[in-house]
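Novice: Fold the following.
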Amino acid sequence: YLLINNYRLTSVTFSEENTNQDFDDWDDVGLNIPKPPDLLHLYRDYGHHTVPEVVLVLQSVREEKVKLEEEVVRLNAECKRLREEVGELKFDNQTLVQNMEKVERKTSPAFREALRSTSHINLDNRLAGEVSQLCETSDDLVLILARCLPHIVPNVLLNKREELIPVIICTAIHHPHAKDRDNLLHMLFNLIKRPDEEQRQMIMNGCAAFAQVVEPTRVEAELLPQWWEQITHKYHERRLLVAEACGVLSPYLPDTIRSSLVWSMLRQMLMDDRNEEVREAVTKSLGLVLAYMENSDKYDQAHELLMITLNDATDHVVRAAQHVLLPALADWSMDLNKLESHLAPSLLQSINKSLDVNASLTLDVVRSRVARYIKVFTSLVPALFAYVLRSAKSPLPRDPTVTTNTLLLFFVVDEDRFLPAPSPLQQMDVIIGSDQLLALLVRRFDKYVTSDRFASWESLSWLQYECIPKLCDIAGRVHSSLVECVQHLMVLYRTICYTFGRSYIHSKLKSHFINRLNVLPAASEELLSSACIPVLLVGVLGCFEEEEDRAQLADMLKDLIIILAKNSIQPHGPVIIYQELSAHASFHQLLIGVLWEIVVYQDPDVRSSAGALFMVRDDNNDVV
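Specialist: Model (predicted):
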């Protein structure tokens, strides 16, 4: 090897040092192994055997490299997408954190405006304009006014002292000393000994201006203590002023004050005050406070106060609770998802409890309570329909023929779609927010409930499978001799039919009503004497104008009269039916036809029952 590679000296030296070894003889140096090929042979042979394997390995490496490069590109795109998603989530999280402390109410502006209108606010006069346009004044003038006003007020005529309200309010707002401001506000509330309605409005306008200008801490520290002093005043006009002011100022107060001090004052006055005007004003103010309430912990107290006002001995308080407080609480309960889970069931339970026999109560008291709670539940029906529209899992299917422009310009609700509301707060357009939005939702609802792809949602299913059966049971417990209760039940059922639409009632609920209220096959005296048939005929079938429905109404009315006569049961139900239907000219021919069939009936007992029906007269005497 050394010689071949020209290492001559080295080879000579090596051979001289190994004299006993023959390096040219492989057997002498090969250690009993075959002689290896020379280097050139190895190189040539290696090229024949290894080059194809290297090519295959290189090809596989290149393919793996391409796959890895594609994976890198994919991972880079995924990282970019995730970075963008992280940014969006951080932004959403920041927005949610900012809005967490104050959850936006869904109460429509129209509903709140209608609530405010119930609080006797009159801003269209000169003095109210002056109060609302307070301007900056110098400290020197403020100090002079504060010093002179106590001397000016006693010398002003009693019927003109409201002229001083803008001056007192302006001075109280800008005065630098807390003690003097307290004296000025004390002067405001004691300006008139027994303020009438207009004077109370002026003082409330002044308080509202004060609350809008100063910080909430000053309202709590300076204005509210003046109210506390007045809630036990011997003159009810002073207490009435505080009750009305609590509602008027609620939009301008922070929720911490509104749900604590103001709420406590109204609650105390409702519990303790014996004057019906004060309790009526407190009831209305509670409704206005609820429109801006954000503390959900007050819901149970609000429900308790509603029940207290509904059971008040004075009709004015009950009417205020039904027309103001109930709609306000219903609107709030929709935001809290408690309308169908708590408020409506509690009213149904109150009706059933009122029907329970109690030896300590007279029949007139029972009749009055039952009629009252039925009227209250009737007032809740518009809110139930609004909740059904709002709580749909997804927006009702769009009508492709309706665009935004046509909706705003041409689309309105049919005049006979809803019954007239006894209160502005029970009008569907006020609850929903506008005529246009209501028209769109009603159109979509009516089309969807009659379509083949109709699928009910939770709030609508509650009405069909929980509310309606309970109402039918109530009708079975009300005796037809309780005329007022039966009439209110008819109004309730008619309100449900008109509010939810004749399309939905006819396609989905009519059969339920008939199956539960048609007690004629049962032939039970208790059921035949109940309000079931009158409610079914007047409250349900009477809402439809189809010939089939009218024929069914006539047949059931005739059968009811015949069965009652044969079983010697007083015809209270048919009399009420004739009284209610005779008020509508479209039913006159039907009523006369049924009456004629009774007159010519073979059984004399049945013919004699027609006498009571002949005594029924409508207002215009058309049937007679």
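Novice: Tell me who's in contact with I514.
Specialist: With contact set as Cβ atoms under 8 Å, 6 or more residues apart in numbering, I514 has these partners: L536, V540. C-beta coordinates here come from the backbone N, C-alpha and C atoms, glycine included.
Novice: Doesn't it belong to a helix?
Specialist: Yes. I514 forms part of a helix when assessed by DSSP: H, G, I helix; E, B strand; the rest coil.
Novice: pLDDT below threshold where in the stretch 501-624 of the chain?
Specialist: 522-523, 617-624 (pLDDT under 70).
Novice: Please apply the same query to the stretch 301-450 of the chain.
Specialist: In the stretch 301-450 of the chain, residues with pLDDT under 70: 357-361, 393-411.
Novice: can you map out the helices along it?
Specialist: For the stretch 301-450 of the chain, the helices defined by DSSP state H, counting those that start in this stretch cover 315-320, 326-335, 344-355, 363-390, 404-409, 428-432, 435-449.
Novice: Which one of those helices lies nearest to S260?
Specialist: Counting by Cβ to Cβ, S260 lies closest to helix 326-335 out of these; the figure is 17.1 Å.
Novice: For the closest one, which helices and strands make contact with it?
Specialist: Applying 3 or more Cβ pairs under 8 Å, 6 or more residues apart in numbering; DSSP states H and E, one finds that helix 326-335 contacts helix 109-117, helix 276-291, helix 299-310, helix 363-390.
Novice: If we go by neighbour counts, what in that helix is buried?
Specialist: L326, P327, A328, L329, A330, D331, W332, S333, M334, D335 (16 or more other Cβ atoms under 10 Å).
Novice: Please produce a markdown table containing those, extended by distance to V519.
Specialist: Putting the buried residues of helix 326-335 into a markdown table (distance: Cβ to Cβ, whole Å) gives the following:
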| residue | distance to V519 |
| --- | --- |
| L326 | 31 |
| P327 | 34 |
| A328 | 38 |
| L329 | 35 |
| A330 | 32 |
| D331 | 37 |
| W332 | 39 |
| S333 | 34 |
| M334 | 35 |
| D335 | 40 |
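Novice: For these, which two are the farthest from each other?
Specialist: Using Cβ to Cβ, the buried residues of helix 326-335 span at most 15.5 Å, a distance reached by L326 and D335.
Novice: quick one on the thing from earlier: go through the buried residues of helix 326-335 and name the one nearest D182.
Specialist: D182 lies nearest to A328 out of the buried residues of helix 326-335, by Cβ to Cβ, at 32.9 Å.
Novice: How many neighbouring residues does W596 have?
Specialist: By other Cβ atoms under 10 Å, the residues close to W596 number 11.
Novice: what do you get for Y493?
Specialist: Neighbourhood size, Y493 [other Cβ under 10 Å]: 28.
Novice: Check whether V616 really touches I577, as I assumed.
Specialist: No. In this structure, V616 is not within contact of I577 by Cβ atoms under 8 Å, at 9.1 Å.
Novice: A114: which of the helices of the stretch 301-450 of the chain is closest?
Specialist: Nearest of the helices of the stretch 301-450 of the chain to A114, taken as Cβ to Cβ: helix 428-432 at 5.2 Å.
Novice: how near is V213 to V167?
Specialist: As defined by Cβ to Cβ, to the nearest Å, V213 lies at a distance of 15 Å from V167.
Novice: remind me which residues of the stretch 1-150 of the chain are low pLDDT?
Specialist: 23, 26, 29-31, 46-52, 99-104, 119-140.
Novice: returning to that earlier point: so if I had to pick from V616 and I577, which one is more boxed in?
Specialist: Between V616 and I577, I577 has the larger neighbour count (other Cβ under 10 Å), namely 31 against 19.
Novice: For that one, identify the helix or strand it belongs to.
Specialist: I577 belongs to helix 572-581 when assigned by DSSP states H and E.
Novice: on contacts alone, who are the packing partners of that helix?
Specialist: Counting by 3+ Cβ pairs under 8 Å, 6+ apart, the packing neighbours recorded for helix 572-581 are helix 483-500, helix 532-534, helix 547-566, helix 588-599, helix 610-614.
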